[in-house]
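K.L.:
sequence unavailable; structure follows:
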């Protein structure tokens, strides 16, 4: 069953996961699905999740997205996470796709499963020049050829490979899209228009306003040595001006949300999206800001 309480403790990249005593470090771990895919229609996000492994050694895999894209916040949890021993970076591959390097991650714990690994990134690497300053892939899904070959997810370090044998994922991703389309409607945008954009919104000065947001990190959290990742959503009009803003973070601080969105609405500028016919149109921009103590 899905984990209750979700992530309880977070630590930032650079902290190696402790090995499980008595476990040989040369054997790869291959996991079969032990439940159906679940889609959680959360208020501000959509989560695709599934249980893997056995009753004695369960593993949890969840893929959260805050908008229609191949960009996910991924959480895996279970004893096998400790066996990965990730160094400063590791790779993840989707189906027959090329391995993608993950340089920033967090570790924590989910009560029902044990050690957890949390990171975010694109499901499919892109060679396109049409990407924003965060490296977000400008290609919009669905990408039928890519999804057709997606039958497993592999995490690899120099010490271990962890394979989630998902089987064909197209139907699961189709179900997830119903959820993200609902998010888009809630933003006052047309999902059909957004799914057929010829180019997405791009931030013109993200480093400027992101640094200002980081500088507004709540002092009470800084004094507690707490760290977090903040998910940002900005609705951008056809002129590239931010019209609405929202943030979701791992800490509850309404004042911070007001300050962060105030900075974005005042200082951020964007290149507007274009529809399938090349005309500028209102759309949205998402990014993640990571805070380190």
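P.N.:
Now that the structure is in, tell me what you want to look at. What you are looking at is a predicted structure, and each value in this text was computed from that prediction instead of being measured. Numbers count the residues shown, from 1 in each chain.
K.L.:
how near is the residue nearest to residue 259 when sequence neighbours are not counted to residue 256?
P.N.:
Leaving out its chain neighbours, the residue that sits closest to residue 259 by CB to CB, 6 or more residues apart in numbering is residue 216, at 4.6 Å. Where you see a C-beta, it was placed from the backbone N, CA and C, and this is true even at glycine. Distance, residue 216 to residue 256, by CB to CB, to the nearest Å: 7 Å.
K.L.:
okay, those two: which has more neighbours?
P.N.:
Taking other CB atoms under 10 Å, residue 216 and residue 256 do not tie; residue 256 has more neighbours (19 against 14).
K.L.:
list phi and psi for the more buried one.
P.N.:
phi -60, psi -40 (degrees, to the nearest 10).
K.L.:
residue numbering should commence at 414 henceforth.
P.N.:
Happy to do that; since the first residue is 414 now, the last one works out to residue 669.
K.L.:
tell me the pLDDT of it.
P.N.:
pLDDT recorded at residue 669 is 73.
K.L.:
with residue 676 as the reference, measure out to it.
P.N.:
In terms of CB to CB, residue 669 sits 11 Å off from residue 676.
K.L.:
what touches both of these two?
P.N.:
residue 629 (CB atoms under 8 Å, 6 or more residues apart in numbering).
K.L.:
and the next element down the chain from the longest helix along the chain?
P.N.:
Assignment by DSSP state H gives helix 583-599 as the longest helix of the chain. Under the assignment DSSP states H and E, the closest C-terminal helix or strand after helix 583-599 is helix 604-608.
K.L.:
buried residues in that following helix?
P.N.:
604, 607-608 (16 or more other CB atoms under 10 Å).
K.L.:
and residue 692, how many neighbours does it have?
P.N.:
For residue 692, using other CB under 10 Å, the count is 11.
K.L.:
show me the contacts for it.
P.N.:
Counted by CB under 8 Å, 6+ apart, residue 692 has zero contacts.
K.L.:
distance check, residue 475 against residue 458.
P.N.:
11 Å.
K.L.:
oh, that last question was meant for residue 700, not what I typed.
P.N.:
On the measure of CB to CB, residue 700 and residue 458 end up 14 Å apart.
K.L.:
quick one: residues contacting residue 581.
P.N.:
Per CB under 8 Å, 6+ apart, neighbours of residue 581: 563-564.
K.L.:
how about 7 Å then?
P.N.:
residue 564 (CB atoms under 7 Å, 6 or more residues apart in numbering).
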